[in-house]
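Enquirer: I would like the atomic coordinates for the input below:
(3 chains)
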Amino acid sequence: MLSGLNLEQKAAVEHFGQPLLLLAGAGSGKTKVLTHKIGYLIREKSIKPHRILAITFTKKAAQEMADRVERMLAIKPRSISTFHSFCVRVLREDIAALGRKFDTKFIIYDQTDSKKALKDILKRFNISPKELDAVQKTISKAKQAYRGGIVEYILALPFPQNQYAEAANTYQRELEQSNALDYDDLIHHTTHLFVTRPEVRGKWQDRYDFFMVDEFQDTNEIQYSLIKLLSARNRDNIFVVGDPFQTIYTWRGAVPENILKFGREFNATEMRLEKNYRSTRKILDVANIVIGKVDRIWADKVLTLRTDKEEEGEVEYCKAAEHDEENRRIAKKIMELASTKTRSYADMAVLIRMSFLSRGLESSFMQYGIPYEIVRGLAFYERAEVKDLLCYLRLMSNTRDRAAFDRVVNTPSRGIGKKAVEVITGNFKTDWIQALQDAGFSARQRVSANALISLIMKYGAMVEEKPYTVLMGLIQGLNYLEYVKEQYKEDHEERIENISELCNVLLSIETKGKTFSEFMEDNLLASDQDRISMGESVKIMTVHAAKGLEWPIVFLPALEEGIFPSERSLESGAALEEERRLFYVACTRAKEGLYLSSAGYRMKFGRTSQMLPSRYIGEIKESYFSFGSDSSSSHL
DNA sequence: CTTAGGAAACTTTTT
DNA sequence: GTTTCCTAAG
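Expert: Modelled structure (predicted):
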């Protein structure tokens, strides 16, 4: 269990009997430690595999850990999951104990669903839609803080946030009515359950003997509380891993100080991994230069990455006149590297600060015939035609789902517009079928409403088990393909392609015997990383999505003030610190080659504006090398 | 209630 | 350059 580990890694694996805080730098082999630790606990400490709860940041990380453990021990560990999927597991079992309208078939609202719902509510409360993001953020903050009631928490905030309390309350009631939870609710309601229902808490506490949390710097306040609650009966059997310098999620509530808090409150032993096994020397030098200056509270936690690698590796910076040229140069470099036989396209990734940057890269890669793949969120499931159809299935599966109802009720148009929907909403008692039945309509609307009702009722009973069959019937019943041809004249072929792809996906779900709800849940809890294919292609993705991953060759384009660091971060010191950490994360993804670049001019909102090279370039140049000032491309 | 057309707003980062 | 919003005619 200890073979192939260095001294520090070994010490962390063998440590037992007291909480352990492991500060693990980028590429220092922390996944190795985590998996060997699981193996060690099972083999040496006779802890049952399913009694070890390991929390990771993404499903992909969980999957990878589970695979490695399985290869090592031929045992499939069942309790490696993300915070969100762990909470889903708890709630599927015990949500009734909350004493609300939810039942175990609750659904999860994604960002779009919850934004739509909230937008509607804001109208009713005469709050400007401009404040939508602020309201959503406030609600999220209230849920993450977990100080009793959400409404009370918001009321206690300063103006104008305290004005959002009523809207927040309505939002929560609507979610409940829809049997729906948003991402924050998953964790909030679970914690609430554990706090208020000792018997539920006790049951879950007793299920586990050992706790592990990865990426601890990215936990938020409520996740910390949740872990503390869960481990209360086994306070010594907890192991957390983190790196304060890879904190890149404070904007969504991550509290890196949780690392310090954990050290204090759990009286944890602290260990470090500073030896880097990933990157060559030049790459680490660059990363260390940029991360050099950090907040004082972290002064004694600084990890300086070291390597024994003989190879120097390559770091290059290239300044192009404008973004098209930059993209062309990247494409050329990729072609050049790929032609050497030692490199394949799959060895390379382009990491970007903002997703719109992928467009230019995409068109230049297309021109050069470079196989590429843009890794991004739910793109496919967000296509209008795909979402329409899925919302029909959602509504069949859960006739309380308001977001699905709103989308479906008049798509394709059936004469039930805004006014009519208001009438229906006023009639809502138990579910949308009932509301449709009870609404007073004109004769024509009655006919369409009844058609919709019978369509939903016809398939309602079988949608879970036979989603593909239902989808096919639905497309027929709605004459949906005709509607798409009519509605989207220009690109209807592509859209029909998408629908056909959706059919394929649901067919495979149906053949595998998975239910529709399981399929939806999988998708909603998946991370960007879960959508990366193994294919022979250059991956283009955001730096955030690349966290925890590595490639031999990494390109970092658009290193310009206003892009990286981003425009919005320029006003705040804390935000700039986070940009710096993000840049550090980006650099440390590379094993052998790191290609930095910027452009002098870039298109923004369809206008060309002048750009200055990022401050990070300046810092690297200054402390690293003599640099031909006119040369457009330099080796470091 | 629907549709078409033009204006306005818009880009961080995501489980 | 693209998506969303708004208005007015049918």
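Enquirer: mind listing the helices for the stretch 101-250 of chain A?
Expert: Assignment of helices within the stretch 101-250 of chain A using DSSP state H, counting those that start in this stretch yields the ranges A:111-124, A:132-145, A:150-155, A:165-177, A:183-196, A:198-205, A:221-230.
Enquirer: out of the ones you listed, nearest to DNA strand C?
Expert: Within the helices of the stretch 101-250 of chain A, the stretch nearest DNA strand C is helix A:111-124; the backing value is 7.2 Å (Cβ to the nearest atom of the strand). Yep, even glycine has a C-beta here, placed from its N, CA and C like the rest.
Enquirer: ok, residues contacting that closest one?
Expert: Applying Cβ atoms under 8 Å, 6 or more residues apart in numbering, the set of residues contacting helix A:111-124 from outside is A:109, A:128-129, A:131-132, A:135-136, A:139, A:167, A:170-171, A:174-175, A:180, A:182-183, A:382, A:402-403, A:406.
Enquirer: give the contact list for A:Arg235.
Expert: Remark: with contacts taken as Cβ under 8 Å, 6+ apart, A:Arg235 is in contact with A:19, A:266.
Enquirer: what pLDDT does it get?
Expert: A:Arg235 is assigned 92 on the pLDDT scale.
Enquirer: that one and A:Val386: what is the separation?
Expert: As for A:Arg235, its distance to A:Val386 is 47 Å (criterion: Cβ to Cβ, to the nearest Å).
Enquirer: same thing with A:Gly148?
Expert: Counting by Cβ to Cβ, the separation of A:Gly148 from A:Val386 is 40 Å.
Enquirer: of those two, which one has the most company?
Expert: Counted by other Cβ atoms under 10 Å, A:Gly148 and A:Val386 do not tie: A:Val386 has more neighbours, with 19 against 10.
Enquirer: check the contacts of helix A:111-124 against DNA strand C, which are close?
Expert: Filtering these for proximity to DNA strand C by Cβ under 7 Å from any atom of the strand leaves A:Pro129.
Enquirer: going through the contacts of helix A:111-124, which ones are buried?
Expert: The neighbour-count test (16 or more other Cβ atoms under 10 Å) marks A:109, A:131, A:135-136, A:139, A:167, A:170-171, A:174-175, A:180, A:182-183, A:402-403, A:406 as buried among the contacts of helix A:111-124.
Enquirer: which ones among those come in contact with DNA strand B?
Expert: Near DNA strand B, judged by Cβ under 7 Å from any atom of the strand, the entries from the buried ones among the contacts of helix A:111-124 are A:Tyr183.
Enquirer: quick one: least confident of the buried ones among the contacts of helix A:111-124?
Expert: pLDDT across the buried ones among the contacts of helix A:111-124 is at its lowest for A:Glu131, which sits at 86.
Enquirer: report pLDDT for the residue nearest to it when sequence neighbours are not counted.
Expert: Leaving aside its chain neighbours, A:Glu131 sits nearest to A:Leu122 (7.0 Å; criterion: Cβ to Cβ, 6 or more residues apart in numbering). pLDDT, A:Leu122: 87.
Enquirer: residue nearest the middle of chain A, spatially speaking?
Expert: For chain A, the residue nearest the mean C-alpha position is A:Ser527 (4.4 Å; Cα atoms, centre = their mean).
Enquirer: that one touches A:Lys59, doesn't it?
Expert: Yes - contact criterion Cβ atoms under 8 Å: A:Ser527 and A:Lys59 qualify, at 5.7 Å.
Enquirer: overlap in contacts, those two.
Expert: Shared contacts of A:Ser527 and A:Lys59 (Cβ under 8 Å, 6+ apart): A:Thr82.
Enquirer: now do the longest strand seen in chain A: distance to the chain's middle.
Expert: Taking DSSP state E as the criterion, chain A has its longest strand at strand A:590-604. Remark: strand A:590-604 is offset 24 Å from the chain centroid, using Cα atoms, centre = their mean, to the nearest Å.
Enquirer: which parts of the stretch 401-550 of chain A sit against DNA strand B?
Expert: A:410, A:413-420, A:525, A:527-529, A:542, A:544-545.
Enquirer: among these, which lie within helices?
Expert: In helices, defined here by DSSP state H, the members of these are A:418-420, A:525, A:544-545.
Enquirer: so what's the backbone phi/psi at the residue of chain A found nearest DNA strand C?
Expert: The nearest approach of chain A to DNA strand C comes at A:Gly606, 2.3 Å away (Cβ to the nearest atom of the strand). Backbone torsions of A:Gly606, given as degrees, to the nearest 10, read phi 70, psi 10.
Enquirer: for A:Ile108, which non-adjacent residue is spatially closest?
Expert: Distances taken as Cβ to Cβ, 6+ apart place A:Leu524 nearest to A:Ile108, at 4.6 Å, with adjacent residues excluded.
Enquirer: any idea how far A:Arg531 is from the one you found?
Expert: Applying Cβ to Cβ, the value for A:Leu524 to A:Arg531 is 13 Å.
Enquirer: got any residues that touch both of the two?
Expert: Residues touching both A:Leu524 and A:Arg531 (Cβ under 8 Å, 6+ apart): none.
Enquirer: circling back to that earlier point, out of the helices of the stretch 101-250 of chain A, which gets the lowest mean score?
Expert: Mean pLDDT per stretch puts helix A:111-124 lowest among those, at a mean of 87.
Enquirer: what's the angle from that helix to helix A:132-145?
Expert: Here helix A:111-124 runs at an angle of 110 degrees relative to helix A:132-145 (axes from the mean of the first three to the mean of the last three Cα atoms, to 10 degrees).
Enquirer: using PDB, write down the CA coordinates of helix A:111-124.
Expert: This file holds the C-alpha atoms of helix A:111-124, laid out as PDB (Å, rounded to 0.1, in the frame of the first residue of the first chain):
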ATOM      1  CA  GLN A 111     -29.100  27.900 -13.200                       C
ATOM      2  CA  THR A 112     -31.300  28.600 -16.100                       C
ATOM      3  CA  ASP A 113     -34.400  27.100 -14.500                       C
ATOM      4  CA  SER A 114     -33.900  29.000 -11.300                       C
ATOM      5  CA  LYS A 115     -33.000  32.200 -13.100                       C
ATOM      6  CA  LYS A 116     -36.200  32.100 -15.100                       C
ATOM      7  CA  ALA A 117     -38.300  31.400 -12.000                       C
ATOM      8  CA  LEU A 118     -36.700  34.300 -10.200                       C
ATOM      9  CA  LYS A 119     -37.100  36.700 -13.100                       C
ATOM     10  CA  ASP A 120     -40.800  36.000 -13.100                       C
ATOM     11  CA  ILE A 121     -41.000  36.700  -9.400                       C
ATOM     12  CA  LEU A 122     -39.100  39.900  -9.600                       C
ATOM     13  CA  LYS A 123     -41.700  41.200 -12.000                       C
ATOM     14  CA  ARG A 124     -44.400  40.500  -9.500                       C
END
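Enquirer: cheers, nothing more for now.
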